[in-house]
Each structure stands twice: as structure tokens, then as C-alpha cells.
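Enquirer: turn this into a model:
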Amino acid sequence: MECFCVRQTDVPGTSKLFADLIYHFDRVADLYPFPTGDVNSLVAASRFDFPDSRRAQLVKAITPLNQGNPNLARLAKPGTVAIVTGQQVGLFSGPAYTVFKALTAIKAARALNEAGVEAVPIFWLATEDHDFAEIDNAWVFGTDHQPAQIRLKSEPTSGSARPVGGIAPGPYPIDDLRAALAGLPFADETVELVQRAYSPGATMGSAFAQIVRELLAPYDILLVDPMAPELIEMRAPLMAEVIQRTSELVEPLIARSKELVTRGYHAQVLVDQQASLTFLLDGGERIPLKHAKGEFHAGHHKYSAADLAARARDLSPNALLRPVVQDYLLPTAAYIGGPAELAYLAQSQVLYRALLGRQPAAFPRAFFTLIDERSHKRMARYGLSPSDVFVTEQALQARVGARLVPEPLRARLDQTRSSVAATLDALSGDLSRFDISLASALDTSRRKIEYQVSKIARKTAAQILMRDEQATRDAHSLSGLIFPAKHLQERLYSILPFLAKFGPSLIGEIESAVRIDCPDHQFMVV
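Expert: Below you'll find the model as predicted:
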């Protein structure tokens, strides 16, 4: 195994807020309570009181989902903190970064224990989410490294606003998965793993929990399903308080959102005066609530704050309130998340202050691109850095073609570009002294001349690539593996094709490569 790092600022799509959080914390120190990537931050974030009675309720509530897990007893001890992460309950374990999140939480909890603080890792199953279209599919690849989407063939029998965790959608597309992975060395073992979890009648939530439990069995990570009746009962007082204080809570959220935009960041959730922070669960459906003048509207129905407070068990938090509810229920010292999730926390900070009086540390999850030795050699053969491959397949082909241009011809093309630039510089100076309008005309012509010279270089590279079928196949394979469909590998592919390619020992190899002190994106050669 070999790893090499890429700064997040060299990875496509990195937001300014996330880059500042991990590389320039001084710029966002007022938005987050603790620096990232530092065990001392974890220790500092562990210094808070958590009610013993709530801890006892919590342990009792999650015991059925975690029978035999030794970390239950550790969590029950006063003073034990949690390192928490979570993910939507997507088909076939969701994107690969689901596993990376969990392994980061495991490593962070271990680091805290080594620092003398009792800590356990917890995985929050996002069963309350209602967007079924986001979780009804999985992406995998086969021997050709090309993306293939596997999708559930049946739709939920009830409305689309139903929390997804409780949906049992019918036959899972196991045969489609088997066909897509065919030819990979460990395909049979991987399909068997999936079959054990996604058995007939299993809900999206229970199947996801089972596959995460089995993948991470050596690490004793605790699972939490927020739809468990005991947890809904536990959070009811907080949900009632939110309803009663909605106006008071929304105003600072609006101000924070505006502040983020003014500072050149982004607001993850748009908040306006009608925001309620909650949804109403009614008849299995999740109904948006709007707030105006002390009243709440759900469709054609109108409720007072007292009405909804009395139905606190039927309320579900929105994206900004959800982490606060999570950390009300759990003794969370740190949350492990990706860029979008950590951006939520910059907005949610005002809710933490108002409702909990504390906020956990925000830690980035591990980021990986997994490649095999053959792909690594292909990159070396064409002189490709990781950032060279984070492009479209067409752009990657152009870069591979450019690397194949014979050195004498490449030198001649470079010399031609330099000579043309130097000649045009000299001509521009002469024209400026003679007539400034002629110099301006040359500037326009210069762009066209330089474009045509560069075009010759590109056409030369393309012609050479056309003659080299192996190089074309190599670019096709690298693109499909590393930047499929213009997505980061970890965001599109499930972990399953990697297990089918590299075998069950892969999880342990990734775990050994996770570094909580390094926020960079790692290229890992397996």
C-alpha cells in the first residue's frame, strides 16, 4: 500500500469555507468552536456535562441495534464521549465515503482514548431523510472501470415524503449487482455480503445498518437509528422548545446566512422568515411546516405553537436543526463530516448556542481515491499527477496525447511558441512607439495567432493518441476509475466494487491509512 496526498484546494469543487476551515482556521474561528485535525481539540471538546439520566435512556434505546457491542458498556459510563458520524441509508451502503467517515470516527475515538478520555465511535443512520430518489441507486464498476448505475426497480407504495429508513421497496437488485461486478476477483464474496444485508423484506434502514455493521465489525462502532421510538421520545422536549422559540431562533439564522455570503462563503440552507426548522410527521408522511405570526401552516392546516408542542413526538428536524437534535441525544465531542456537512455547522452554530450551550468539534472525514498498481503505473507512464486526472475523459486524453509527443517535436513546438511570443512582444513595442492604435490591433491578432500555434500542438497530440490504441484505452480506464462521470470517485462509487476488486482486507488497509491530523485528499495505491 502506498499513499500520496493532494491538497483539497487542488481537488475539484472544494468550497472556500471548507478550505479555510482545514487550512486557515483563524479565518473561521468565530464560526467553529475548535480547530480541526488536532487531538488537543478533541480533548478540549470533551469537557462538557451530559445528564446521567439521558445517558441511561440513550444506552437503553440503542441496545437492540447493538447487541453484543462492548462499546455499549463504555458509553454507559459517566464522562464517556462520542465521536459521531452518519450518512443517508443509501442502497448497497451508499457512496464509498460512508466507510471513510466511519473509519475516521473510529480513529478519532481511538486517539481520544489514548489521550486519556473515554470515547466511543457512533454512526448515525439518517433514516429520517425523505428524498427516496437520492438513495434508491448505487454506482459500481466492473473490470473495465466504467461506471454502471444500479437502481431499485420498485417505487415506495406510499408518498415520496415518507422517511426512507422504514421503506421496504421490494426485491433488491442483487442480480444486477452480480452482473456489474462479474470478473472482479472478489465479486462473489461481495455479492454474498450484500445478500446477507439486503434480504427480502429488509427496510432500507435495516439493510444499511446490517451492511455497515458487517463491514466495520472489527471496530465495534455503535449504530443509532433516530427513528427508534425511544429516541423520538427522548428528543420530544427539545422539539417542543424549538416550536415555542421558532421566531427567536430563525432571526439569528437569517443573519448568519447573510454573514456567510458577505464573507465570500456560502449558506448551505436558505433561511427566510417563514422557516420553521421542523417537519410534521403525519400518517407516515413528512409535511413541511411554514411559520408566520406565531402560527404554523402544513398544507391547508393551521396549528398554534401549543398545538405542535403537544405533538412534539410527531416533529422531525430540518437539516440545520438535525445536528443539534443529534448532539442533544448523544454526548458528542466531535462530528466527522464532509465539506457540505461541516458547512451546515457554520449555520447551525447559532442554534447550538441557543439550545444546547455547547457545540462539538467539526472534523473533516478522510478523503481517498483508491487505485490499483496497474493504474498507478499508467499514471507514471504518462507523467500524470492526481490533479491531472481530475478532469473530463476528453481532457485527460489530450493530456496523455501531449505526453506522447516525441521529445524533439515537443521541443520544436515549445520553441515555436516562445519564438512567436518574443517576436510579437518586439513588434508590439515598435508599434506602440509608432501608433498606439496599431498596437491595440496587434493585441487582438496576437490572441488569434497564439491560439493557432497552440491548436497545432493540440492537433499533434490528438493525432499521436489516435495512433496509440493502448494509450486511448489507458486514458479511458483511468478516467472511469478516478473521475467517473466528472465526479470524485468516493462520491459516486459504492465501496462494493473496491471490495470486489481488492478483497475484504481493503477496509483494514484504509483504516490504517486514515489520519485525523491531515485533511488532504489521499491517493491510495492498493
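Enquirer: and stretch 311-331, how far apart are its ends?
Expert: 26 Å (C-alpha to C-alpha, to the nearest Å).
Enquirer: give me the buried positions along it.
Expert: 311-312, 314-318, 320-331 (16 or more other C-beta atoms under 10 Å). (Each C-beta comes from the backbone N, C-alpha and C, glycine too.)
Enquirer: how close does Gln326 sit to Ala111?
Expert: To Ala111, Gln326 is 21 Å away according to C-beta to C-beta, to the nearest Å.
Enquirer: same check, this time on Ile449
Expert: 58 Å.
Enquirer: again, but for Ala462
Expert: Ala462 is 50 Å from Ala111, where distance means C-beta to C-beta.
Enquirer: pick out whichever of these two has more residues nearby.
Expert: Ala111 (18 against 13; other C-beta atoms under 10 Å).
Enquirer: tell me which helix or strand comes right after the helix or strand that one falls within.
Expert: Using DSSP states H and E, Ala111 falls within helix 97-114. Note on helix 97-114: by DSSP H and E, the next helix or strand toward the C-terminus is strand 119-126.
Enquirer: what angle separates that following strand from helix 97-114?
Expert: Interaxial angle, strand 119-126 versus helix 97-114 (axes from the mean of the first three to the mean of the last three C-alpha atoms, to 10 degrees): 160 degrees.
Enquirer: same for strand 119-126, what does it pack against?
Expert: helix 71-76, strand 81-88, helix 97-114, helix 204-215, strand 222-224 (3 or more C-beta pairs under 8 Å, 6 or more residues apart in numbering; DSSP states H and E).
Enquirer: following that strand, which helix or strand comes up?
Expert: helix 132-135.
Enquirer: so what's the gap between that following helix and the chain middle?
Expert: Taking C-alpha atoms, centre = their mean, to the nearest Å, one finds the center of helix 132-135 at 15 Å from the center of the full chain.
Enquirer: would you mind listing the buried residues in that helix?
Expert: Phe132, Ile135.
Enquirer: flag the shaky bits of the chain, pLDDT-wise.
Expert: Within the chain, the ranges that satisfy pLDDT under 70 run 155-160, 405, 407, 409-411, 413-414, 453, 456-457, 460-461, 466-467.
Enquirer: center of it - which residue?
Expert: The centroid of the chain falls nearest to Gly338 when counting by C-alpha atoms, centre = their mean (4.3 Å).
Enquirer: contact partners for Ala76?
Expert: By C-beta atoms under 8 Å, 6 or more residues apart in numbering, the residues touching Ala76 are Arg55, Ala56, Val59.
Enquirer: over to Asn66?
Expert: So Asn66 contacts Leu72, Leu222, Leu223 (C-beta under 8 Å, 6+ apart).
Enquirer: equivalent analysis for Ser247, please.
Expert: Neighbouring residues of Ser247 by C-beta under 8 Å, 6+ apart: His291, Gly294.
Enquirer: how about 10 Å then?
Expert: Gln273, His291, Ala292, Lys293, Gly294, Ala305 (C-beta atoms under 10 Å, 6 or more residues apart in numbering).
Enquirer: just confirm Glu450 is within a helix.
Expert: Yes. Residue state for Glu450 (DSSP: H, G, I helix; E, B strand; the rest coil) corresponds to a helix.
Enquirer: my guess is it contacts Ser418, does it?
Expert: No. Between Glu450 and Ser418 there is no contact under C-beta atoms under 10 Å: 11.2 Å.
Enquirer: which one's more surrounded, the two?
Expert: A direct count of neighbours by other C-beta under 10 Å for Glu450 and Ser418 places Glu450 higher, at 14 against 10.
Enquirer: not counting sequence-adjacent ones, nearest residue to the residue nearest to the centre of the chain?
Expert: Arg365 (5.6 Å; C-beta to C-beta, 6 or more residues apart in numbering).
Enquirer: give me the number of residues near that neighbour?
Expert: So Arg365, with other C-beta under 10 Å, has 27 neighbours.
Enquirer: what's the distance between the residue lying closest to Ala340 once chain neighbours are set aside and Thr246?
Expert: Sequence neighbours aside, Gln268 is the residue nearest to Ala340 in space, at 6.4 Å (criterion: C-beta to C-beta, 6+ apart). For Gln268, the distance to Thr246 (C-beta to C-beta) stands at 20 Å.
Enquirer: repeat that for Gln8.
Expert: The value you get for Gln8 to Thr246, if C-beta to C-beta is used, is 36 Å.
Enquirer: does Phe368 sit in a helix, a strand or a coil?
Expert: Phe368 ends up strand, using three-state DSSP.
Enquirer: what's the neighbour count on Ser454?
Expert: For Ser454, the tally of surrounding residues (other C-beta under 10 Å) stands at 12.
Enquirer: for the one 10 residues further on, same thing?
Expert: Around Ile464 sit 18 other residues, with neighbours defined as other C-beta under 10 Å.
Enquirer: same check, this time on Leu17
Expert: 23.
Enquirer: next one: the one 10 residues further on
Expert: Using other C-beta under 10 Å, Arg27 has 16 other residues around it.
Enquirer: same check, this time on Ala73
Expert: Ala73 has 11 neighbouring residues, counting by other C-beta under 10 Å.
Enquirer: which ones are touching it?
Expert: If you count contacts by C-beta under 10 Å, 6+ apart, Ala73 has them with Val59, Thr80, Val120.
Enquirer: which of the residues you listed sits closest to Ala236?
Expert: Nearest to Ala236, judged by C-beta to C-beta, of the contacts of Ala73 is Val59 at 18.4 Å.
Enquirer: element containing that closest one, please.
Expert: Here Val59 is assigned to helix 52-62, by DSSP H and E.
Enquirer: mind checking the SS state of Ile336?
Expert: strand.
Enquirer: let me see the contact set for it.
Expert: 83-86, 100-109, 121-123, 342, 360-366, 516.
Enquirer: repeat that for 6 Å
Expert: By C-beta atoms under 6 Å, 6 or more residues apart in numbering, the contact set of Ile336 is Thr85, Lys101, Thr104, Ala105, Phe363, Arg365.
Enquirer: all helices of the stretch 151-300 of the chain, in order?
Expert: Secondary structure of the stretch 151-300 of the chain, counting by DSSP state H, counting those that start in this stretch: helices at 174-181, 187-197, 204-215, 229-244, 246-262.
Enquirer: for Ala346, find the nearest of those.
Expert: Among these, helix 246-262 sits nearest to Ala346 (C-beta to C-beta), with 6.4 Å.
Enquirer: if you count neighbours, what's buried in the closest one?
Expert: So helix 246-262, judged by 16+ other C-beta under 10 Å, has buried residues Thr246, Leu249, Val250, Pro252, Leu253, Ile254, Arg256, Ser257, Glu259, Leu260.
Enquirer: TSV for those, including distance to Gln146?
Expert: Below are the buried residues of helix 246-262 laid out as TSV (distance: C-beta to C-beta, whole Å):
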residue	distance to Gln146
Thr246	49
Leu249	48
Val250	47
Pro252	48
Leu253	43
Ile254	45
Arg256	43
Ser257	40
Glu259	44
Leu260	39
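Enquirer: just give the number of residues close to the residue lying closest to Ala255 once chain neighbours are set aside.
Expert: Spatial nearest neighbour of Ala255, chain neighbours left out: Val350 (7.9 Å); criterion: C-beta to C-beta, 6+ apart. When neighbours are counted by other C-beta under 10 Å, Val350 registers 19.
Enquirer: the helix or strand that contains Val350 vs helix 97-114, what angle?
Expert: In this structure, Val350 sits in helix 339-355 according to DSSP H and E. Helix 339-355 runs at 50 degrees relative to helix 97-114, counting by the same axes, to 10 degrees.
Enquirer: report all helices and strands that helix 339-355 contacts.
Expert: helix 246-262, helix 322-329 (3 or more C-beta pairs under 6 Å, 6 or more residues apart in numbering; DSSP states H and E).
Enquirer: distance to Leu427 added to these, as TSV?
Expert: What follows is the helices and strands packed on helix 339-355, written out as TSV (distance: least, C-beta to C-beta, whole Å):
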stretch	distance to Leu427
helix 246-262	46
helix 322-329	62
